[in-house]
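Enquirer: Have a look; sequence and predicted model below, questions after that.
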Amino acid sequence: MDKPILTVPHDTLRRKSARIMRVDTELQAKVDELKASMKDAKNPEGVGLSFPQIGYNIRGFVTYLDERMKVYLNPEVLDMDESLTLGGKPERPTLEGCLSIPWLYGPVWRSKRIKVRAIDEHGKEFTKILTSFPARLFQHEYDHLEGVLFTDYTKKESLPLYFLDREKDQFIEIKDPGSVIKW
């Protein structure tokens, strides 16, 4: 059964998440809820979802790329490339969005390459090196576990923010992002 995705300004999204102490049937049920919520996310669809986004302040998230779900519990960044990128091409950076902030998008400086460690839903530890979009996605979801939203970077680094006009299927720049970002 899926759970509704919380949206800003819900205070759960701003809390730092607690470490998961054991992988048991109770946690497995929460993982199943997270997976179901991710798969059922429509209008907009997403590629990642964290436990805080469905109301649990515990350290974990899923990514959903190429129709494959990956579970990261107690994720850690072991190493991070110091060179940052906005993704895409310099004249057309990758715009991040968030299921908890529907229809707003913006570029975020992220590391191109990261080495991570986590536990899967069966309690097995794994280490991975992520690059490009999967690295960006991991960093976005990891931020949720720290109570950070992508719009925090918009404010802090004076980056542009866009609204997706669904009727025209085009991004419209918000001239004063501070007028929209209140949370």
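Expert: Cool, the structure landed. Numbering: from 1, shown residues only.

Enquirer: any idea of the pLDDT on residue 1?
Expert: Looking at residue 1, its pLDDT stands at 67.

Enquirer: buried stuff in stretch 123-133?
Expert: 128, 130 (16 or more other CB atoms under 10 Å). For every residue, glycine as well, the C-beta is placed using N, CA and C.

Enquirer: just stretch 55-65 next, same as before
Expert: Applying 16+ other CB under 10 Å to stretch 55-65 flags 55-64 as buried.

Enquirer: From those, pick the one nearest residue 83.
Expert: residue 63 (22.4 Å; CB to CB).

Enquirer: Could you tell me how far that closest one is located from residue 25?
Expert: Counting by CB to CB, to the nearest Å, the gap from residue 63 to residue 25 is 23 Å.

Enquirer: got a pLDDT number for the residue nearest the centre of the chain?
Expert: With distances taken as CA atoms, centre = their mean, the residue of the chain nearest its centroid is residue 141 (2.9 Å). Among the per-residue scores, residue 141 holds a pLDDT of 98.

Enquirer: neighbouring contacts of the one helix or strand it maps to?
Expert: Per DSSP states H and E: residue 141 is located in helix 132-145. With CB atoms under 8 Å, 6 or more residues apart in numbering as the test, helix 132-145 has contacts from 13, 16-17, 47-53, 59-61, 63, 65, 72, 75, 77, 87, 94, 96, 98, 100, 108, 110-114, 116, 130, 149-150, 152.
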